[in-house]
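Trainee: here are the coordinates; sequence isn't available:
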Ligand SMILES: Nc1ncnc2c1ncn2[C@@H]1O[C@H](COP(=O)(O)OP(=O)(O)OP(=O)(O)O)[C@@H](O)[C@H]1O
C-alpha cells in the first residue's frame, strides 16, 4: 500500500491565471508569470531541530508547488511539522535536505516577500496605534516613504473594515479585530506569499467563521497567494483551493487534494461532509485505501 500517494480531484490541478495584484490606492499591478510556473516550490524538504541531546526530524522529504493566487493549505495532525514548514518557507529554518524556491530562487533568509500572520493576538506592538502597526514594517523595510506608507496602511485597514479604528491601540480591540490588523499589516507589504499559521485558531467559533469569510472576500479582491496552516479539516476545505495532507510526525506528504469546489456555502452539504470524512480517515487511520478519490 502506498500511503504517500498524490491524490488529485477529477479536474486535476487548477490552471491559475496570471493575477492582478492590488497595489493600494485602488491601483492594480499585473504580474505575468509563465503559465503554470510555480511561484513557490518546496522540493524534497526535510527539516530538523537539533538540540544537544537529540535531533528531532519535523518533516521528511516534503514536496509541493504553490501557484500564483493559490490558497494552499497544509493540513495534518498536531506535531506533523506544519508550522515548521511555514517557518522554513519564511526563511527562519534552513532545510537539511532539499530546497525551497520562490520565483525560482532559493530561499535562504526571511524577506519582505514572505510575511507571516500568526495565531497569537500579541503579534501587534501594544504601544503603537493600529495605523502605526501597519505603517511600521513599510517604513522599516524601506518599502515606502511615510506619506505613501500611511496611504497604503489606510487602504488595507479599510479592506479589513477597520478604518474607524486606525488611531486606537491594540488593547482596545477584540481578538478578531487584532487578527484583522495583522492581516492588513501583512497585505500592506504586498508579499509574494502570505503565510498564515493557524490565524483563527484562538478565536471563538462564530468569529472564526466570520474571519474565514472575510479572508475569502479579501482574496477575491486582492488575489494574493496564500500558504495557510491549520489542523481543522473543515477550515482547510473552506479556505483552500488545494490542500496538502501531511502524515503524523515526522510529516511526509500523504496526499494532495483539490478543494476549489468548496466554500462556506458548502458547509453541511453531503459532498462536503463526505470529503471531510475521507480526509479524516486518511489523516487518522494508518491502514486505509490509498486510492481514495477526493
Ligand atoms: N523549537 C523546537 N525544538 C525542538 N523540537 C521542536 C521545536 N519546535 C517544534 N519541534 C518539534 O517538531 C515537530 C513539528 O512541530 P510543529 O510545531 O512544526 O508541528 P505542527 O504540525 O505545526 O503542530 P501543531 O498543529 O500542534 O502546531 C514536533 O515533533 C515538535 O515537537
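Mentor: Everything's here; your move. The structure presented is a predicted model; accordingly, all values stated were derived computationally and were not measured. Numbering: from 1, shown residues only.

Trainee: C-alpha from now on. contacts and neighbour counts both.
Mentor: OK.

Trainee: At the contact with the ligand, which residues of this protein appear?
Mentor: Contact residues, the chain versus the ligand (CA under 6 Å from any ligand atom): 49, 56, 58, 78, 79, 80, 81, 82, 83, 84, 231.

Trainee: and those, which are buried?
Mentor: 58, 80, 81, 82, 83, 84, 231 (16 or more other CA atoms under 10 Å).

Trainee: Among the residues you listed, which one sits closest to residue 276?
Mentor: Taking CA to CA as the measure, residue 276 sits nearest to residue 231 out of these, at 12.2 Å.

Trainee: Could you double-check that the closest one sits in contact with residue 73?
Mentor: No. With contact defined as CA atoms under 8 Å, residue 231 does not reach residue 73; the gap is 9.7 Å.

Trainee: surely residue 242 meets residue 70?
Mentor: Yes. Between residue 242 and residue 70 there is a contact at 7.4 Å, judged by CA under 8 Å.

Trainee: any idea how far residue 113 lies from residue 262?
Mentor: To residue 262, residue 113 is 28 Å away according to CA to CA, to the nearest Å.

Trainee: Who are the packing partners of the helix or strand encompassing residue 221?
Mentor: Residue 221 is located in helix 205-222, with elements delineated by DSSP states H and E. Packing partners of helix 205-222 (3 or more CA pairs under 8 Å, 6 or more residues apart in numbering; DSSP states H and E): strand 20-22, helix 175-188, helix 233-239.

Trainee: Adding mean neighbour count, distance to residue 155 and mean pLDDT, write these out as a markdown table.
Mentor: Converted to a markdown table, the helices and strands packed on helix 205-222 look like this (neighbours: other CA atoms under 10 Å; distance: least, CA to CA, whole Å; pLDDT from 0 to 100):
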| stretch | mean neighbour count | distance to residue 155 | mean pLDDT |
| --- | --- | --- | --- |
| strand 20-22 | 18 | 10 | 48 |
| helix 175-188 | 24 | 8 | 95 |
| helix 233-239 | 23 | 23 | 95 |
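
Trainee: Dump these into TSV; add distance to residue 121 as well.
Mentor: Formatted as TSV, these follow (distance: least, CA to CA, whole Å):
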stretch	distance to residue 121
strand 20-22	26
helix 175-188	6
helix 233-239	19
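
Trainee: can you pull out the helices in the stretch 1-150 of the chain?
Mentor: Along the stretch 1-150 of the chain, the segments classed as helices by DSSP state H, counting those that start in this stretch run 82-90, 130-140, 146-159.
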